[in-house]
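Asks: Quick one: sequence plus predicted model below, questions after.
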Amino acid sequence: MNVLPLLLLVAGSATVAGLARRTPVPAPLLLVAAGLAVSYLPGVPGYTLDPEVVLPLVLPPLLYTAATDSSYLDLRAQMRPVALLSVGYVLFATLAVGWAVYLIVPGMPLTAALVLGAVIAPPDAVAATAVARRVGLPSRITTILQGESLVNDATAITAYKVALAAAVGEGATWADGTREFLVAAFGGVAVGLLLMMPIHWLRTHLKEALLQNTLSLLIPFVAYGAAEWVHASGVLAVVVVALYLGYHNWQVDFATRLQEEAVWKMVAFVLESAVFALIGLQLPVVLRGLGAYEGLRAAWYALAVFLVVVLSRFVWVYPVTHVPRALFRRIREREEGQTWKGSFVIGWAGMRGVVSLAIAFSIPRTMHDGSAFPFRNLILFLTFTTVIGTLVAQGLSLPPLIRLLRLPGRDTQAETLAEANAQAQASRAAETHLEALLDDERNALPPPLADRLRMVLERRRNAVWERLGSVNPVTGETHDDTYRRLSRQMIGAEREVFVRLRNHRYIDDEMLRTLLRRLDLEEAAAYRETT
């Protein structure tokens, strides 16, 4: 097995993603563009997007890390818009795109057109949420886009299976489709509910962070595989488990959380970078089988499908968002602050991604009777052009659109004030508990050590309040910023001494690693992230 193409893909995509952080262009767009450019170079290996790899091996960890980073409480508060987009819109887009393609492409059976509709129905909100965080979209819109991306793949995959069964001649009916959808949805949720508590119990009872993080890497694959084994939705099973574990993550020890955050950031970075680069690299594969549809006719079909995909999202978003709000006072009160500007951003943030391409490549080449699947190569081409078109057109225009609409961003002052109040309450509780502990003769400490514990609590409480106050006129730093910078410089000086002692053989490498780890933990505590 030649692993060089895989290593080149990972290294190249990670390099481009790293460079993208220094530009105003979102990383997914640069990765797709780089993939398109590299696909034309001679000698580049043929990268085929294998659905047997993407769906069971790439999709679960991406879903898991996105769901654990999401807020269960925020998603529950936005359940209506999330459900209307992740279920209602995907089914509507399947029918709308399928019917339009059936009318546009001469000779294409309606069942094959519906297969295409299901394939390109689910938006991939990875790029949209990346842009949302960068430009500071209101948290409600970001939550809705995140929630949609977590669930819509399950709806699309189920719709695709039903449409494919009808297309290949398995005689699927609307009743069969509805039954399969319900089994997949409720079955996936049920599997997630069955797994989440035992997995959480195991996470909290394993005593070594290394073992806990090994388990963490296995969780999405276990949840996905268990659900698919009983013909349920693996996507929903992963999301349910991840939301539960994320909500209860505070019950896991600190070492596990520190390691887990670093591990999953790396996994998500590598996978997201690779899959967006793979999208661009599919160009030769798609064009190779296009055949008779090359030229202006294929370009017309691609443009028409792109327009239908974009317009159908607005046709769905505006009525289901604003009509119920106009009719029902409770919905108006619960979703206060939703304006036409927010709906427009949600409607425009409908970029497609790697899941659509993976599903398209899973379309069989032959029917049950041995004949070729009708228009398979055209479906692949239209899927590819729709993914590229939405990523480029909508992805590039989303930041200036958000600035043009002047949507109210996140209220950082209010968020900092809430953080400061929360820290003050926690510090008061900790101080009370500390004094009770110190009154016990079993916890007797010399006064300097007891004062040090009190000082740590005081600094932690004051640090957040200082972000609301004045800053150093020379450096622009708060007192807490200066404290952390000086702490790092002091620790850096200690680190240099330890290394010099190792180099002169006063201590060995094992002792150096022990001392450096102690300094690393102190530096992490002193220079913790505050954003």
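Replies: Arrived safely.

Asks: quick one: low-confidence ranges for the stretch 351-500 of the chain?
Replies: Applying pLDDT under 70 to the stretch 351-500 of the chain flags the ranges 409-416, 419-420, 423, 459-460, 463-473, 475-476, 478-480.

Asks: quick one, helices of it?
Replies: For the stretch 351-500 of the chain, the helices defined by DSSP state H, counting those that start in this stretch cover 354-361, 376-389, 395-405, 412-438, 447-466, 479-503.

Asks: Can you say which of the ones you listed is packed in most?
Replies: Looking across those with neighbours counted as mean count of other C-beta atoms under 10 Å, the highest average goes to helix 354-361: a mean of 26. For every residue, glycine as well, the C-beta is placed using N, CA and C.

Asks: That helix - contacts with which helices or strands?
Replies: Secondary-structure packing of helix 354-361 (3 or more C-beta pairs under 8 Å, 6 or more residues apart in numbering; DSSP states H and E): helix 51-53, helix 110-119, helix 139-167, helix 254-281, helix 376-389.

Asks: Of all those, which one is nearest residue 456?
Replies: With C-beta to C-beta as the measure, helix 254-281 is the member of the helices and strands packed on helix 354-361 nearest residue 456 (15.2 Å).

Asks: Okay, angle between that closest one and helix 376-389 too, please.
Replies: Relative orientation of helix 254-281 versus helix 376-389 (axes from the mean of the first three to the mean of the last three C-alpha atoms, to 10 degrees): 120 degrees.

Asks: packing partners for helix 254-281?
Replies: Counting contacts by 3+ C-beta pairs under 8 Å, 6+ apart, helix 254-281 is packed against helix 4-20, helix 27-39, helix 59-69, helix 209-229, helix 354-361, helix 376-389.

Asks: Relative to the whole chain's centre, how far out is that helix?
Replies: From the chain centre to the centre of helix 254-281 is a distance of 10 Å (C-alpha atoms, centre = their mean, to the nearest Å).

Asks: and the next helix or strand after it, what other elements does it pack with?
Replies: Following helix 254-281 in sequence order, the next helix or strand is helix 283-288 (DSSP states H and E). Here helix 283-288 touches helix 27-39, helix 376-389, going by 3+ C-beta pairs under 8 Å, 6+ apart.

Asks: closest one to residue 106 among those helices?
Replies: Among the helices and strands packed on helix 283-288, helix 376-389 comes nearest to residue 106, with 11.3 Å by C-beta to C-beta.

Asks: Give me the distance between residue 270 and residue 407.
Replies: As judged by C-beta to C-beta, to the nearest Å, residue 270 and residue 407 stand 32 Å apart.

Asks: how about CSV for the helices and strands packed on helix 354-361, with distance to residue 306 added?
Replies: Below are those laid out as CSV (distance: least, C-beta to C-beta, whole Å):
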stretch, distance to residue 306
helix 51-53, 23
helix 110-119, 13
helix 139-167, 18
helix 254-281, 15
helix 376-389, 4
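
Asks: Now do the same contact list for the residue nearest the centre of the chain.
Replies: Closest to where the C-alpha atoms of the chain average out (C-alpha atoms, centre = their mean) is residue 66, at 3.6 Å. Neighbour list for residue 66: 126, 146, 149-150, 242, 268 [criterion: C-beta atoms under 8 Å, 6 or more residues apart in numbering].

Asks: These: which two are farthest apart?
Replies: Greatest spacing in those, by C-beta to C-beta: 126 and 242 (15.4 Å).

Asks: Same drill for the two, tell me which one is more crowded.
Replies: Between residue 126 and residue 242, counted using other C-beta atoms under 10 Å, the more crowded position is residue 242 (26 against 23).

Asks: What strand or helix carries that one?
Replies: helix 234-247.

Asks: Let me know the average pLDDT across that helix.
Replies: Averaged across helix 234-247, the pLDDT comes to 93.

Asks: elements contacting it?
Replies: helix 59-69, helix 72-77, helix 139-167, helix 174-205, helix 209-229.

Asks: for those helices, which one ends up most surrounded?
Replies: Of all the helices and strands packed on helix 234-247, helix 139-167 carries the top mean neighbour count, a mean of 24, counting by mean count of other C-beta under 10 Å.

Asks: and that one, how far from the chain's centre?
Replies: Distance of helix 139-167 from the chain centroid (C-alpha atoms, centre = their mean) equals 14 Å.

Asks: same question for it, mean pLDDT?
Replies: Mean predicted confidence for helix 139-167 is 87.

Asks: so that helix versus helix 376-389, what angle?
Replies: Interaxial angle, helix 139-167 versus helix 376-389 (the same axes, to 10 degrees): 170 degrees.
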